[in-house]
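Engineer: Sharing a model that was predicted from the sequence below.
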Amino acid sequence: MDKRTADWPALARSFLRGVWGSDWELCRAMLAERAVYEDPLLDAPVTGRESIIETFKLCHAWGRLDPSLKGVFGCSRMAAAEFRVRGTVIAALLDLPQSAVGKSFDFAECDIFEFDEQNRIVRMTIYADVVSFMKQIGAAG
């Protein structure tokens, strides 16, 4: 694939399939070493390939996830993926209350990807409907 005209939406789709399917080797290969991951549920951005993968593993530890991709588009080394995240809380991690365990959720999310010259992800920022998520699991104030 010509690095200047990569199919960035296809790369984003592939990466998301890797995350959702716990294919950590695929994810590792697609992330730049100093990639940055931004998530509104975390206190600060996560920096570095291995730290990002550990964060994704933690997501699988607190929730049984069943994401549904709605669409992906991109250009100029960028891609955006829109999807629904459905699932069930299976563990009280990341400040989730014990009362959330067993609760179902369904919220919208959009992930923005930025790629380097080698078509590796250098930045991934997620925008999720955290308010709906927190209400659904009984953690909203």
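Structural biologist: Now that the structure is in, tell me what you want to look at.
Engineer: Not counting sequence-adjacent ones, nearest residue to residue 33?
Structural biologist: residue 49 (5.3 Å; CB to CB, 6 or more residues apart in numbering). Quick note: C-beta positions are derived from backbone N, CA and C, even for glycine.
Engineer: how many neighbours does that neighbour have?
Structural biologist: Residues within reach of residue 49, counting by other CB atoms under 10 Å, total 19.
Engineer: quick one: it from residue 35, how far?
Structural biologist: Distance from residue 49 to residue 35, counting by CB to CB, to the nearest Å: 6 Å.
Engineer: returning to what we had before: for residue 31, see how far away the residue nearest to residue 33 is.
Structural biologist: Taking CB to CB, one finds residue 49 at 4 Å from residue 31.
Engineer: Give me the below-cutoff pLDDT ranges for the protein.
Structural biologist: Within the chain, the ranges that satisfy pLDDT under 70 run 1-5, 141.
Engineer: Show me where it has its helices.
Structural biologist: With DSSP state H, the ranges of helices along the chain come out as 8-20, 24-30, 49-62, 130-136.
Engineer: The second one: how far from the chain's middle?
Structural biologist: If I follow you right, that is helix 24-30. In terms of CA atoms, centre = their mean, to the nearest Å, the centre of helix 24-30 is found 13 Å from the chain centre.
Engineer: Report the buried residues of it.
Structural biologist: 27, 30 (16 or more other CB atoms under 10 Å).
Engineer: Can you name every helix or strand that that helix contacts?
Structural biologist: If you count contacts as 3 or more CB pairs under 8 Å, 6 or more residues apart in numbering; DSSP states H and E, helix 24-30 packs onto helix 8-20, helix 49-62.
Engineer: got it, and the longest one?
Structural biologist: In terms of contacts (3+ CB pairs under 8 Å, 6+ apart), helix 49-62 is packed against helix 24-30, strand 31-38.
Engineer: Which neighbouring elements make contact with the last one?
Structural biologist: Counting contacts by 3+ CB pairs under 8 Å, 6+ apart, strand 31-38 packs against strand 46-47, helix 49-62, strand 121-128.
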